Structures are given as C-alpha cells and as structure tokens.
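1. Model the structure of this input:
(one chain, ligands or ions: 2)
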Amino acid sequence: MSSDSPPTVVIGLEVHVQLSTESKLFCGCSTKFGAGPNTQTCPVCIGMPGVLPVLNRKAVELAIKAALALNCTIARSTKWDRKNYYYPDLPKGYQISQFDLPLSHDGWLAISDPKGLLPPKRIGIIRAHLEEDAGKSMHDEAAGKAPSRIDLNRAGTPLLEIVSQPDLRSADEAKTYLTELKLLLGYLGVSDCNMQEGSLRVDANINLHLDTPQGRVATPIVEVKNMNSFRAVERAMEYEARRQLEVWRETGRKLGDVPKSTHGWDETSQKTYLQRAKEESSDYRYFPEPDLVPVTFSEAQVERVRAALGELPAALRTRLETTYGITPYQSDVLVNQGRALVDYYIDLADRLGDGRLAGNWVQQDVLRALGEQHLGIEQFPVGPAALAELIEAVRAGRLTTSRGREVLARMIADAQPFAPTIAAMGIGAVDESELEKLCRGLLAANPKIVAEVKEGKLKGLGSLIGAAKKKNPNVNPNQVRETCLRLIEKRTAGPEL
Ligand code: ZN
Ligand code: MN
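-> Ligands and ions are numbered 1, 2, ... in the order given. Okay, here's the model as predicted:
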C-alpha cells in the first residue's frame with residue numbers, strides 16, 4: 001500500500017450571537033440575563049394564539065452593522081420564514097428565522113496565521129441572518145432529582161447566525177476565526193459574545209478530504225454541537241479529525257453510504273458522540289412567515305450604518321504598526337484587549353512621543369497589573385498622564401526600571417499620581433555626599449571585596465550594590481558602582497589607610 005498524504009481538514013462554523021438589544025426580537029420582553037425562570041415572557045414569546053409579532057428595529061440595525069463589518073452584501077429586501085420543529089422549549093412549534101432571502105450574504109473575515117508565518121487569510125462568510133432564540137430546557141440542573149423544566153426567558157431573543165464557508169483548515173484556524181469574530185463584534189458593540197451566558201454558540205461542520213489512487217474523496221460531514229468554549233471547539237475539532245481518519249482506515253478506506261450526522265462534544269471525556277443522523281433543511285418544512293412583512297433597506301439607510309462602523313480591529317492594528325512603530329505581535333496584543341486599552345496606549349504613546357516604549361510598559365506592566373487584579377483598563381487607577389510621568393523619570397535616569405516598577409505598584413495600590421507617590425516613598429535624588437558616605441561604610445565592612453577589586457576581580461561589586469540598595473532603596477546602582485570604584489582607586493593610589 002502506498003503511503004498516505006496527510007488529510008486536508010475542512011471546517012465550516014455556524015455561530016449564533018445574541019444581539020445587544022434591551023428587548024426581544026418580536027416583543028417588548030427584556031433580554032437581561034439572570035432573571036428568575038419565566039419572568040421575562042409575554043403572550044407573544046410563549047406562543048399564545050391570536051398574538052402578532054412586531055419587529056425590533058434595533059436588532060435589524062445591529063445585524064446590518066455586523067454584516068457590513070463582515071464585508072457582506074446587504075439584501076435590499078429580506079423576509080421571514082418559519083422553521084418548523086417540535087421541542088418543549090419552542091412553544092410556537094416553529095422558530096422565526098430567515099431561509100432563502102437572508103439579511104446578508106457573501107462576505108469574509110480576515111484572520112492572521114496562528115503561527116504568525118503566513119499572511120492573513122480570508123474566511124468566506126456564506127450568510128448572516130436574523131432569527132429568534134428558543135427557550136432553555138433544564139434537564140439535569142437538580143442532578144436527576146427533579147423532572148425536566150423549561151425556562152422561556154430566552155425565547156424570542158434576537159440572534160445573528162453567521163455561517164462561514166468551509167474555509168478553515170485546522171482546529172487552530174477555527175479558534176483563531178472565533179477569536180477574531182468575537183473581537184470584531186465586541187468593537188462594533190453588536191454583542192457581548194459571553195459564552196457562559198449563551199450569547200455566543202458555535203456549531204462546527206467538519207470532514208476530511210483525502211487523496212487516494214482513485215482520486216480525491218471526502219469523509220461524511222459531522223456537525224459538532226455543545227462546545228462551551230473556544231478551547232472546547234479546538235479540542236473537538238482535533239478529536240473529530242483524528243476519529244474520522246481512524247474510521248476511514250478501519251473501514252478499509254471505503255466511505256460507504258454513511259449519512260451526515262450530528263455529534264455532541266463531551267467535555268469530561270474530551271470526545272464527540274453520535275447524537276443523530278443529520279436532518280436536512282427540507283425536514284424543517286420552511287415556509288414564509290405570514291405575520292411579518294418583508295423588510296426593505298434603501299441604499300442610504302445601509303450607507304448610514306456603514307458610516308457609523310468606526311475603526312475596526314484590522315484597521316486599528318495597521319494604524320498602530322505604521323503610526324507608532326510597534327510590531328504586529330504587539331499591536332495584536334493591544335487590539336485584542338479592546339478599544340479602551342488601545343485608547344489608553346495611544347494617549348500614553350503620544351505623551352511620550354515613543355510608541356515602542358509606551359508599548360513595552362503597557363504590555364509588560366499595565367496588562368500584568370490588570371491581570372493580577374482582575375481589572376479592566378476602565379478601572380485602572382493609574383491614568384496615561386501619571387504613567388507617562390513615571391516613565392519619563394525612568395527614561396531620564398532618575399529612577400531605575402526596577403525602581404520604576406516599584407513606584408508603579410505603589411501608585412496602583414494607593415491610587416495616587418506620580419509626585420505624591422515618590423514623596424511618600426521618600427524618593428528624591430540621592431545626595432552625592434550621602435552616597436559617598438554610604439559607599440565608604442560598605443567598603444570598610446567588606447575588606448575582602450576591596451582586595452579582590454584591587455586585583456581586577458569586579459564580581460564582588462554586585463553584592464555591594466545589593467547591600468547599598470538595602471540601606472537606601474533610592475540609590476542608583478550605576479552610581480554606587482562608580483563611587484565604590486573611585487573610592488577603591490583612591491585608596492590604591494594613595495597611602496594605605
Ligand atoms: Zn415576550
Ligand atoms: Mn440558527
């Protein structure tokens with residue numbers, strides 16, 4: 001048997017994001033997370049007879065915003081369809097969605113190579129459409145002790161379903177795409193994309209393309225559900241690619257008539273498991289929603305939304321690299337933290353007139369402090385002006401970098417600006433004569449080091465500097481070193497003391 005060329009992994013993602021509206025898609029009920037079960041419902045969203053849906057204008061606006069940022073074409077006219085299926089958390093017996101005339105289609109999202117080796121790649125977007133969410137079935141919240149219950153607070157919540165082309169070629173790329181998508185939607189203010197609260201859900205379609213002597217073949221597509229983090233998506237894709245290859249080998253490299261199937265992801269065993277043979281769209285008996293009129297957009301309406309998009313992550317990265325001279329890696333780190341941190345960085349860089357220096361401090365010190373204290377930049381007690389003053393003192397040599405870090409820690413802890421902090425820490429320039437006195441004392445106490453230095457062995461100077469800093473944390477190490485050397489030289493030249 002000839003050796004196999006590695007299989008091509010082919011992944012397409014369907015992402016549902018909850019749009020950041022106050023109220024639901026077709027009624028006035030609140031979409032706020034965390035309320036008691038079934039407290040945010042009304043006759044419309046629980047499917048009582050005789051009620052009529054009314055479209056939420058804001059949801060349409062947010063959907064267009066996201067679609068434009070994903071480079072999609074906005075349909076001039078879009079309509080609603082009923083997707084029929086039975087499930088206890090779907091009280092109407094159908095979901096209002098969009099079938100053949102989605103709100104937008106044919107866009108793309110650029111992602112950078114996860115390893116940073118290749119240029120950015122465009123992942124095609126087939127469509128992005130609006131639909132309503134179902135309720136939540138709580139099967140095992142009481143660990144099998146209670147019967148299943150239904151919470152309809154989510155029912156009718158506006159979702160944007162974003163369907164990618166099968167352009168992703170690895171688990172890593174899938175994760176990168178999701179990270180970039182989430183970042184983009186966050187910059188747009190379209191969704192908070194909180195996976196824990198169900199504001200972002202991912203279904204993944206995956207199969208393998210294999211080269212055989214008979215030509216190229218493809219394994220049956222598996223749709224994977226129930227992945228509750230980007231990491232889980234990555235793991236599920238890695239697992240499923242391995243599993244499909246094994247099945248293909250074990251079944252004698254015949255694909256047979258295996259149908260498409262839906263698998264769940266089990267976080268505990270880190271495995272996928274078969275849920276059901278996949279349904280086709282014809283199974284849902286889509287038909288036009290008779291209670292809602294089609295929605296049309298004028299060119300002017302779409303352009304108004306486009307004009308208000310603001311600066312998006314990709315453009316912002318480029319601007320930081322060209323205007324402030326930081327590396328693509330650094331701009332990525334900053335932009336991925338969100339707009340507020342980028343604004344902080346820009347303010348600092350402008351004050352210092354040095355984008356790289358500002359980048360180093362923000363990346364190493366500010367982000368570390370934010371991480372340690374679980375703060376957002378909005379709550380960070382040291383503003384760009386105060387940090388600039390501190391960095392200025394370090395740049396001018398009035399503070400060492402490590403002493404500067406201690407000052408920053410104190411500024412954060414006390415929520416105080418630079419000047420009062422160094423005053424409180426007793427930091428001023430150390431007086432020349434004071435420094436000389438300190439060094440004389442150290443030399444007198446360490447005759448062995450003095451003798452070594454006289455023989456040209458300078459290693460012991462380090463411990464003198466350490467001892468000097470212990471006695472006075474504000475001394476400059478270089479000054480201690482120079483002063484000690486000068487004093488030792490004096491002694492060598494003059495008569496022995
Ligand atoms: Zn309602
Ligand atoms: Mn959907």
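2. Look at the residue of the stretch 201-350 of the chain found nearest ligand 1 and report its pLDDT.
-> Scanning the stretch 201-350 of the chain for the residue nearest ligand 1 gives residue 291, at 14.5 Å (criterion: Cβ to the ion). Glycine gets a C-beta too; all of them are placed from N, C-alpha and C. What the model reports as pLDDT for residue 291 is 96.
3. for residue 118, same thing?
-> pLDDT at residue 118 comes out at 78.
4. for residue 114, same thing?
-> pLDDT, read off for residue 114, is 61.
5. likewise residue 215?
-> In this model, residue 215 is scored at 86, pLDDT.
6. Please report the number of neighbouring residues for it.
-> 7 (other Cβ atoms under 10 Å).
7. and what of the one 3 residues further on?
-> Neighbourhood size, residue 218 [other Cβ under 10 Å]: 14.
8. any idea how far it is from residue 241?
-> 13 Å (Cβ to Cβ, to the nearest Å).
9. cool, residue 483 as well?
-> Counting by Cβ to Cβ - residue 483 and residue 241 are separated by 65 Å.
10. what residues go with each domain of this structure?
-> What automatic domain parsing lists as the domains of the chain is 8-300, 311-424, 432-490.
11. May I ask which helix or strand encompasses the spatially most central residue of the chain?
-> When Cα atoms, centre = their mean is applied to the chain, the residue found nearest the centroid is residue 179 (5.1 Å). Element membership for residue 179 (DSSP states H and E) is helix 171-188.
12. Show me what the lowest-mean-pLDDT helix or strand in the chain is packed up against.
-> Ranked by mean pLDDT, DSSP states H and E, the helix or strand of the chain with the weakest confidence is helix 477-493, at a mean of 83. For helix 477-493, the packing partners by 3 or more Cβ pairs under 8 Å, 6 or more residues apart in numbering; DSSP states H and E come out as helix 432-445, helix 447-454, helix 461-471.
13. Direction-wise, compare it with helix 461-471 and give the angle.
-> Going by axes from the mean of the first three to the mean of the last three Cα atoms, to 10 degrees, helix 477-493 is angled at 120 degrees with respect to helix 461-471.
14. which residues make contact with helix 477-493 from outside it?
-> 400, 430, 435-436, 438-440, 442-443, 450, 453-454, 461, 464-465, 468-469, 497 (Cβ atoms under 8 Å, 6 or more residues apart in numbering).
15. cutoff 10 Å now
-> With contact meaning Cβ atoms under 10 Å, 6 or more residues apart in numbering, helix 477-493 is reached by 397, 400, 402-403, 429-430, 432, 435-436, 438-440, 442-443, 446, 449-451, 453-454, 458, 460-462, 464-469, 472, 475-476, 497.
16. Is there a quick ChimeraX command that grabs whichever of the residues you listed are buried?
-> To isolate in ChimeraX the members of the contacts of helix 477-493 that are buried, counting by 16 or more other Cβ atoms under 10 Å, one can use:
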select :400,403,430,435,438,439,442,443,446,449,450,453,460,461,464,465,467,468,469,475,476
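17. what sits against residue 52?
-> Per Cβ under 10 Å, 6+ apart, neighbours of residue 52: 26-27, 43-44, 291-292.
18. May I see those residues organised as a markdown table, with neighbour count and secondary structure added?
-> Output for those, formatted as a markdown table (neighbours: other Cβ atoms under 10 Å; DSSP: H, G, I helix; E, B strand; the rest coil):
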| residue | neighbour count | secondary structure |
| --- | --- | --- |
| 26 | 23 | coil |
| 27 | 21 | coil |
| 43 | 12 | coil |
| 44 | 20 | coil |
| 291 | 12 | coil |
| 292 | 17 | coil |
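19. Pick the one among those residues closest to residue 187.
-> residue 26 (27.6 Å; Cβ to Cβ).
20. Relative to residue 46, how far out is the closest one?
-> 12 Å.
21. cool, and residue 152?
-> Residue 152 is 5 Å from residue 46, by Cβ to Cβ.
22. In terms of neighbours, single out the busier of these two.
-> residue 152 (22 against 18).
23. any idea what sits nearest that one, other than its immediate chain neighbours?
-> Nearest non-adjacent residue to residue 152, counting by Cβ to Cβ, 6 or more residues apart in numbering: residue 135, 4.0 Å away.
24. same thing with residue 5?
-> Counting by Cβ to Cβ, 6+ apart, residue 211 is the residue found nearest to residue 5 once chain neighbours are left out, at 5.0 Å.
25. Bridged to that neighbour, which residues?
-> Bridge pairing for residue 211 (DSSP bridges) gives the partners residue 216.
26. quick one on the thing from earlier: what sits against the spatially closest residue to the residue nearest to the centre of the chain that is not a sequence neighbour?
-> Leaving aside its chain neighbours, residue 179 sits nearest to residue 230 (6.4 Å; criterion: Cβ to Cβ, 6+ apart). Contact analysis of residue 230 by Cβ under 10 Å, 6+ apart lists 174-179, 182, 195, 200, 202.
27. burial measure for residue 91, as a count.
-> Per other Cβ under 10 Å, the neighbour tally for residue 91 reads 18.
28. distance of it from ligand 1?
-> Distance of residue 91 to ligand 1, computed by Cβ to the ion, to the nearest Å: 11 Å.
29. Backbone dihedrals for that residue, please?
-> phi -60, psi -30 (degrees, to the nearest 10).
30. Which pLDDT value goes with it?
-> Looking at residue 91, the pLDDT reads 94.
31. Just give the nearest non-adjacent residue to it, would you?
-> Counting by Cβ to Cβ, 6+ apart, residue 47 is the residue found nearest to residue 91 once chain neighbours are left out, at 3.8 Å.
32. That concludes my questions; thank you for your assistance.
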